[in-house]
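Student: Quick one, structure for this:
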Amino acid sequence: MEPQLICCEVDASLRRAHQDLNLLNDRVLQALLRAEDNYLPAANYFKCVQKEITPYMRRIVSTWMLEVCEEQKCEEDVFPLAMNFLDRFLTVEPTKKGHLQLLAAACMFLASKMRETIPLTAEKLCIYTDNSITPTQLLQMELLVLNKLKWDLASVTPLDFVDHFLSRLPIRREKGPILRKHAQTFVALCATDVKFIANPPSMVAAGSTIAAVEGLQMRIMDNEVTSQKLTEQLAQIIKSDPDCLRACQEQIESLLETSLRQAQQEQQQQHSAAMETKSMVDAAGQDLSATPTDVRDVNI
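Tutor: As a prediction, this is how the structure comes out:
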């Protein structure tokens, strides 16, 4: 009897590589700092290149991309990488607004291939567009994006810096995961806003890290390390002015407040709409229940 191979199903959440702490060194950090400027999109492409695409359209499509990545439980750096591809493409190629979602899907397709163990499929991405695009169109757009980006997909994103910064902060080891999670949330939020297109990834990562520390009101192991010293320390690492980094941090915190306010307004609107619908249903139910009696009362 021939031996049989048994293939067991494995939870997708387990298909992740462990972090290599040996890569969190100065040599790798300096290489990232040298390379990040090569992948910066032009901040003014809305005025100089795009005639139909607007910042509002970018925000809408980026929100959709983030929702897809979250629902598919993609790696955290898939979404920022996809946004980098999208901005770099829009920097060099005029695009019709009707093709923006197709472009966004192609960017997620490529980013997942770069950072995921099991990439998103073309068929699944088409479903997320309500089948407004076909797999053939997606593959054609993928080739176009690759051509316009000159096949250079090894972009540096803010998440590439977060672990380097956290490893240099005097924080308790058990506090690292929650701090990293909050910093990742800030990075994703920044990727949806056009204000941060021109900011280097290291600046966004440093601002997100400081905002996460302050937002969590995390107690630093060394009581002498204040927020100001933390800002100065990270500014020195990324070779930036502390005031610029502080301004970036304030922008991130302002963006968070705006997002929370908008989310609260949307919840209130949904609640009001639900209550209005319930009232209409109740009223219709009362009318229907009264109909038979009204019919019986009619003398024919």
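
Student: CA only for contacts and neighbour counts going forward, please
Tutor: Fine.

Student: quick check: domain ranges of this structure?
Tutor: The record assigns the chain these domain ranges, following automatic domain parsing: 38-154, 158-272.

Student: TSV please, covering those and showing mean neighbour count, mean pLDDT and distance to Leu32.
Tutor: As requested, these are arranged in TSV below (neighbours: other C-alpha atoms under 10 Å; pLDDT from 0 to 100; distance: least, C-alpha to C-alpha, whole Å):
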stretch	mean neighbour count	mean pLDDT	distance to Leu32
domain 38-154	17	94	10
domain 158-272	17	82	8
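
Student: Any chance of CSV for those, columns distance to Asp26?
Tutor: Output for the domains of the chain, formatted as CSV (distance: least, C-alpha to C-alpha, whole Å):
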stretch, distance to Asp26
domain 38-154, 20
domain 158-272, 9
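
Student: can you tell which of the ones you listed is closest to Asn25?
Tutor: Closest approach to Asn25 among these (C-alpha to C-alpha): domain 158-272, 7.5 Å.

Student: so after whatever helix or strand Lys124 lives in, what's the next helix or strand?
Tutor: When elements are assigned from DSSP states H and E, Lys124 belongs to helix 122-128. Next helix or strand after helix 122-128 toward the C-terminus (DSSP H and E): helix 135-148.

Student: Which strands or helices does that following helix pack on?
Tutor: Helix 135-148 sits against helix 78-92, helix 100-115, helix 122-128, with contacts defined as 3 or more C-alpha pairs under 8 Å, 6 or more residues apart in numbering; DSSP states H and E.

Student: relative orientation of that helix and helix 78-92 in degrees?
Tutor: Interaxial angle of helix 135-148 relative to helix 78-92 (axes from the mean of the first three to the mean of the last three C-alpha atoms, to 10 degrees): 70 degrees.

Student: Output helix 135-148 in PDB with nothing but the alpha carbons.
Tutor: In PDB, the C-alpha atoms belonging to helix 135-148 read as follows (Å, rounded to 0.1, in the frame of the first residue of the first chain):
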ATOM      1  CA  PRO A 135     -10.400  39.600 -14.000                       C
ATOM      2  CA  THR A 136      -9.100  40.200 -17.500                       C
ATOM      3  CA  GLN A 137      -9.300  44.000 -17.000                       C
ATOM      4  CA  LEU A 138      -7.600  43.600 -13.600                       C
ATOM      5  CA  LEU A 139      -4.700  41.700 -15.100                       C
ATOM      6  CA  GLN A 140      -4.300  44.300 -17.800                       C
ATOM      7  CA  MET A 141      -4.300  47.100 -15.300                       C
ATOM      8  CA  GLU A 142      -1.800  45.200 -13.200                       C
ATOM      9  CA  LEU A 143       0.600  45.200 -16.200                       C
ATOM     10  CA  LEU A 144       0.100  48.900 -16.800                       C
ATOM     11  CA  VAL A 145       0.900  49.700 -13.200                       C
ATOM     12  CA  LEU A 146       4.000  47.600 -13.300                       C
ATOM     13  CA  ASN A 147       5.100  49.400 -16.500                       C
ATOM     14  CA  LYS A 148       4.500  52.800 -15.100                       C
END
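
Student: what comes into contact with it?
Tutor: By C-alpha atoms under 8 Å, 6 or more residues apart in numbering, the residues outside helix 135-148 that reach it are 85, 89, 92-93, 102-103, 105-107, 109-110, 122-123, 126, 152.

Student: hmm, try it at 7 Å
Tutor: If you take C-alpha atoms under 7 Å, 6 or more residues apart in numbering as the criterion, helix 135-148 is touched by Phe89, Leu102, Leu103, Ala106, Ala122, Glu123, Cys126.

Student: before we move on, what about stretch 67-87?
Tutor: 41, 66, 104, 107-108, 111-112, 115-116, 155, 157, 159, 188, 191.

Student: Relative to the whole chain's centre, how far out is it?
Tutor: Distance of stretch 67-87 from the chain centroid (C-alpha atoms, centre = their mean, to the nearest Å) equals 5 Å.

Student: mind checking the end-to-end distance for it?
Tutor: Distance across stretch 67-87, first residue to last, is 18 Å (C-alpha to C-alpha, to the nearest Å).
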